[in-house]
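# what shape does this take:
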Amino acid sequence: MARVSVAALRRLHRTHGPRRAARALALTPEPHPWLRALSLVTVVLAGAWLGLLIVGNVRVPVGPMNTTMALRPSLSGGTKINVSPLGALELDSHLAPVRLDVNVDQLDPERSQALVDHPERISGLQNEVVHDVEHGTFDLAVRSCVAVVSGATALGLAVYRRPGRALAAGGLALALLAASGATAYATWNPKSVLEPKFSGLLSSAPSLVGNARSIVTEFDVYQKELARLVTNVTKLYDVTSTLPAYQPDPTTIRVLHVSDIHLNPASWKIIASLVEQYKVDVIVDSGDTMDHGTAAENGFLDPVKDLGVPYVWVRGNHDSMITQRYLERMKNVHVLDDGRAETVAGLRFAGTGDPQFTPDRSTVPGGGATEQMAGTRLASALREQQARGTPVDVAVAHEPSAARETDGTVPLVLCGHLHHEDTEVMKYGTRLRMEGSTGGSGLRAVEHEYPAPIEASILYFDRDNHRLQAWDAIKLGGLGQTTAEVSRHLPEENLPGATPTPSSPSNASPPAGP
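Numbering: from 1, shown residues only. Okay, the predicted model is just below:
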């Protein structure tokens, strides 16, 4: 039997009177109960989800870290911990239609500094973290209840336009949330931390994460080391802001040479501090800024835009073409590849990217020959620049074997790759300056007994003749250390009593390239 609409009832009431209208209304069937129930459940679920999405987040300080906690609908439950930009850890902590999401946002500088100023607090850091998590979880539960009830009630009122139905929707939402909480409590699995599932960059480096079982069984050791790491990273930032700066002639061009950052986020703070302290004119990065070269890592490069000076960069064997294209879109970045030359901050640079990309495991035996070939092409480009009357002042390559092929074609060549600094004047007069790892070898620093230091250099050039006057080698202690040393170095021709020599390489000619 067809249902009579409201408009039709009104017409019947006007034309045939209330009795006829009442009879028609009596003949109109009510919706099936299960359809009404399904409609109510749909409104409740949609309203609860919207409520959680809009106001269900809680910002919680956990020790010296800022985190964001949220409950999200899920078919399998569990806990997901997002550690940007490294990836995420997933734990099968419970079975319920809600999942706990925890985002680790950033290190709070004030709370970290408090640990530095009052080291006695480190012993109580574990209890502080536990208290913070408990407090945050309670706040999240209260806020989630309010969000779920408010969302379901508001949507129920918008759909049904009847306060009774809206309150019923809110009550049902609260009952569902309580049932989900009870289910999560009943199925809680504290041992899930022993078998985490890694995603993102963490999944490709499980050896760097460590054995989860040993982390649990030796938690006291780990929590003490973690607290020490937090305090030392803060001290490291302070150290870079108080380094003694060389005060050369005002006409000097100052170049900061960095290399092999390997996805260490602490490096950007250190680089920014060095730029400010030493009044750097241009930064040169000789590659391996990334670790895997994936698009997921690209966000790590965004601080380059805020360094305030030009950034000259060549591709390393851990940097992909995806990395290179991302950097090429930044206005202050000058990407050098295939012998390309550019004048930046008064100096002329030329460089080439590493021909190999090792994270994709495509490296083949005899890769050194490929590196040497890239260096030979760079040397040929340098000769062409010399012939055009636009000689290059500084060449840049990632691999030392490629850099050595430029001997005799340029006064100075910069490289990295080996994670330790070194300097030599090659046979035909070109000075090779190899930088250590400005990222302290990145995540690899935790693989060895002694952490790798963080290294960088400040190079001083005469603004008129572009001759290298001096350089400061800066070495900072790696993870768990707070040492810092700055050593001054002068080229032989600038030592007291030395006879000045031309700024170009030796008059001896290197073998001609192909």
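
# show me where this structure has helices.
Counting by DSSP state H, the segments of the chain that form helices are 6-27, 33-55, 109-117, 125-160, 163-186, 206-209, 212-217, 219-240, 266-278, 321-328, 367-387, 400-404.

# got any ranges where the stretch 401-514 of the chain has weak pLDDT?
In the prediction, the stretch 401-514 of the chain carries residues with pLDDT under 70 at positions 442-451, 477-484, 494-514.

# burial measure for residue 178, as a count.
Residues contacting residue 178 under the criterion other CB atoms under 10 Å number 12. From N, CA and C alone the C-beta is placed, and that goes for glycine too.

# how much space between it and residue 97?
Relative to residue 97, residue 178 is positioned 12 Å away (criterion: CB to CB, to the nearest Å).

# per-residue confidence at residue 345?
At residue 345, the pLDDT value in this model is 95.

# kindly report the same for residue 313.
Reading off the confidence values, residue 313 has pLDDT 98.

# residues contacting it?
Listed by CB atoms under 8 Å, 6 or more residues apart in numbering, the contact set of residue 313 reads 284-285, 287, 289, 327, 333-336.

# among those residues, name the ones in strands.
Assignment to strands by DSSP state E places the following of these there: 284-285, 333-335.

# so which of those comes closest to residue 34?
Of all the ones in strands among the contacts of residue 313, the one with the least separation from residue 34 (CB to CB) is residue 333, at 62.2 Å.

# beta partners for that closest one?
Residue 333 has the following beta-bridge partners by DSSP bridges: residue 311.

# go on, residue 72?
In this structure, residue 72 bridges to residue 99 when assessed by DSSP bridges.

# burial of the residue nearest to residue 251 when sequence neighbours are not counted, as a residue count?
By the measure of CB to CB, 6 or more residues apart in numbering, the closest residue to residue 251 outside its immediate chain neighbours is residue 463, 4.1 Å from it. Neighbouring residues of residue 463 were enumerated by other CB under 10 Å; the total is 15.

# list the contacts of residue 463.
In this structure, residue 463 makes contact with 251-253, 346, judged by CB under 8 Å, 6+ apart.

# so which of those residues wins on neighbours?
The member of those that has the most neighbours, counting by other CB under 10 Å, is residue 253 with 20 neighbours.

# list the contacts of it.
Contact analysis of residue 253 by CB under 8 Å, 6+ apart lists 281-282, 345-347, 460-463, 466.

# ok, now residue 378?
339, 350-352, 395, 397, 402, 405-406.

# return the member of those residues nearest to residue 158.
For the contacts of residue 378, the minimum distance to residue 158 (CB to CB) is 61.4 Å, reached by residue 351.

# the closest one contacts residue 393, doesn't it?
No: under the criterion of CB atoms under 8 Å, residue 351 makes no contact with residue 393, lying 12.0 Å away.

# comparing those two, which residue is more hemmed in?
Residue environment comparison for residue 351 versus residue 393 gives the larger neighbour count to residue 351, 34 against 22, counting by other CB under 10 Å.

# distance check, that one against residue 157.
Shown here: residue 351 relative to residue 157, a distance of 65 Å by CB to CB.
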